[in-house]
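Chemist: what would the 3D arrangement of this be:
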Amino acid sequence: MSRYIIVATSAFGLESVVAGELKNLGYSNLSVQNGRVVFTGNEKDIARCNIWLRTADRVLIKVSEFKAMDFEELFQGTLSIPWEEMIPVNGKMHVIGKSVKSKLTSVKDCQAIVKKAIVEAMKRKYHTPWFAETGPLYKIEISLLKDIASITIDTSGAGLYKRGYREKAGEAPLRETLAAGLVLLSQWVPPRILADPLCGSGTIAIEAAMIGKNIAPGLMRRFAAEEWKEIPKKVWNEAREEAYGEIKDIQFRILASDIDSNVLKRAKENALRSGVGDYISFQKMPVEEFRSRKKYGCIICNPPYGERMGKLKSVEDLYRRMGKVFSSLDTWSFFILSAHPEFEKFIGWKSDKKRKLYNGNIECFYYQYFGSLPRNP
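Modeler: All right, here's what the predicted structure looks like:
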């Protein structure tokens with residue numbers, strides 16, 4: 001098998017979580033960078049990472065890195081890559097790009113230069129002036145940072161947050177990758193009780209149930225690299241068989257509630273599609289009615305932020321009500337994602353730790369109240 005430089009990209013703030021996932025999958029010598037974790041692997045590793053990574057955005061192959069101060073350097077650097085050995089004659093070559101603090105500021109022109117160089121490289125083998133591009137997709141990114149060009153190929157296709165179980169979302173959906181990150185950062189494990197009293201379309205509860213059952217998040221979907229000749233279908237089939245074999249036969253219950261009956265209906269449908277419907281109890285209930293006699297439980301939630309909903313005053317009132325309810329659960333732990341700059345003021349007490357995360361383009365903090373951990377969770 002070939003060796004590749006593999007890049008698992010992530011939202012800012014989740015890089016260490018992605019690295020933790022990779023370590024649990026058996027990978028070492030990881031380079032943790034802003035928005036990505038870099039390591040080496042083969043075709044089997046590309047398949048496994050696409051199927052298993054819960055918090056990564058995409059799995060890329062890094063093909064080259066070189067200095068590009070002008071368009072000629074960009075063209076020659078790209079031309080030197082053996083594209084004809086990677087892309088078939090009918091491969092669809094889709095180039096995207098970005099430029100940060102570089103002399104080449106026109107992303108559109110950079111994309112055109114890279115595409116031209118790739119086509120010229122393809123001509124070295126196929127000796128044709130034109131390519132139909134009707135075959136498998138090769139999504140290529142040219143990324144310029146401080147005049148250093150990095151070229152990668154996307155093996156995932158659709159972002160890894162698209163698990164395949166969520167056909168409809170609530171008013172302000174939380175990406176599955178971020179929801180999984182919230183759960184992993186909480187260090188929740190079954191059979192410890194877990195609740196989301198503001199569950200919306202159920203993403204946190206579903207991701208938690210999949211983590212509890214050890215269901216690989218990519219089992220329900222396909223990936224761009226499955227159509228590539230470089231990675232045989234046998235590799236993907238074996239990776240999926242391995243993932244199915246790792247699903248745990250374990251019993252636990254997650255509580256999910258919301259005041260909106262319409263989003264609860266969608267949440268139940270999402271849970272059924274994901275295969276974890278039997279592990280989540282959905283109930284229509286306002287947050288102030290949440291009660292539990294259980295000890296050492298864990299709440300993870302993503303309440304409205306205010307500025308996104310246009311209901312700042314009502315959101316601050318919600319935070320006050322959350323604070324009253326949660327203060328009565330004296331042995332519980334709470335993990336709450338919010339973009340409100342004064343969240344702690346309105347909930348009523350200071351968090352033990354807060355972590356900057358991004359919900360899409362919205363800067364948030366993940367407020368962590370550790371509570372009392374059970375001796376045998």
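
Chemist: which strands or helices does the strand or helix carrying Ile206 pack on?
Modeler: Using DSSP states H and E, Ile206 maps to helix 203-213. Applying 3 or more C-beta pairs under 8 Å, 6 or more residues apart in numbering; DSSP states H and E, one finds that helix 203-213 contacts helix 176-186, strand 194-196, strand 254-258, helix 261-274, strand 280-284, strand 298-301. In short, each C-beta sits where N, CA and C put it, glycine included.

Chemist: same question for it, mean pLDDT?
Modeler: Averaging pLDDT along helix 203-213 yields 98.

Chemist: tilt between it and helix 176-186?
Modeler: Going by axes from the mean of the first three to the mean of the last three C-alpha atoms, to 10 degrees, helix 203-213 is angled at 60 degrees with respect to helix 176-186.

Chemist: what residues does helix 203-213 touch?
Modeler: With C-beta atoms under 8 Å, 6 or more residues apart in numbering as the test, helix 203-213 has contacts from 54, 165-166, 169, 173-176, 179-180, 182-184, 188-190, 194, 196, 199, 217, 247-248, 250, 252, 254-256, 267, 270-271, 274, 276, 279-280, 300-302.

Chemist: in its sheet, what does the host helix or strand of Phe335 sit against?
Modeler: Here Phe335, judged by DSSP H and E, is contained in strand 333-338. Here strand 333-338 is paired, per DSSP bridges, with strand 298-301 (parallel), strand 362-369 (antiparallel).

Chemist: and the first one, which residues are buried?
Modeler: Within strand 298-301, the residues scored as buried using 16 or more other C-beta atoms under 10 Å are Cys298, Ile299, Ile300, Cys301.

Chemist: quick one on the thing from earlier: now the helix holding Ile206: buried residues?
Modeler: Going by neighbour count (16+ other C-beta under 10 Å), the buried part of helix 203-213 is Thr203, Ile204, Ala205, Ile206, Glu207, Ala208, Ala209, Met210, Ile211, Gly212, Lys213.

Chemist: output the strands paired with strand 333-338 as JSON lines; include the columns mean pLDDT.
Modeler: Shown next, in JSON lines, are these (pLDDT from 0 to 100):
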{"stretch": "strand 298-301", "mean pLDDT": "98"}
{"stretch": "strand 362-369", "mean pLDDT": "97"}
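
Chemist: relative to Leu144, which of those strands is closest?
Modeler: strand 362-369 (24.8 Å; C-beta to C-beta).

Chemist: pull the residues that contact the closest one.
Modeler: 13, 182, 185-186, 305, 308, 326, 333-339, 343-344, 347, 349, 351-358.

Chemist: same question for stretch 132-140.
Modeler: 86-96, 114, 118, 151-154, 157, 224, 227-228.

Chemist: same check, this time on stretch 6-24
Modeler: So stretch 6-24 is contacted by 30, 32-41, 45-46, 49, 52-62, 152, 175, 177-178, 181, 184-185, 355-358, 366 (C-beta under 8 Å, 6+ apart).

Chemist: narrow the residues you listed to those that are buried.
Modeler: Buried among the contacts of stretch 6-24 (16+ other C-beta under 10 Å): 30, 36-39, 41, 45-46, 49, 52-62, 152, 175, 177-178, 181, 184-185, 355, 357, 366.

Chemist: where do the helices of the stretch 101-250 of the chain begin and end?
Modeler: For the stretch 101-250 of the chain, the helices defined by DSSP state H, counting those that start in this stretch cover 107-126, 176-186, 203-213, 233-245.

Chemist: which residues does the residue in the chain sticking out farthest from the centre contact?
Modeler: Within the chain, the residue lying farthest from the chain centre (C-alpha atoms, centre = their mean) is His127, at 40.6 Å. Counting by C-beta under 8 Å, 6+ apart, His127 makes contact with nothing.

Chemist: still on that earlier bit, which of the buried residues of strand 298-301 lies closest to Asp70?
Modeler: Ile300 (49.7 Å).
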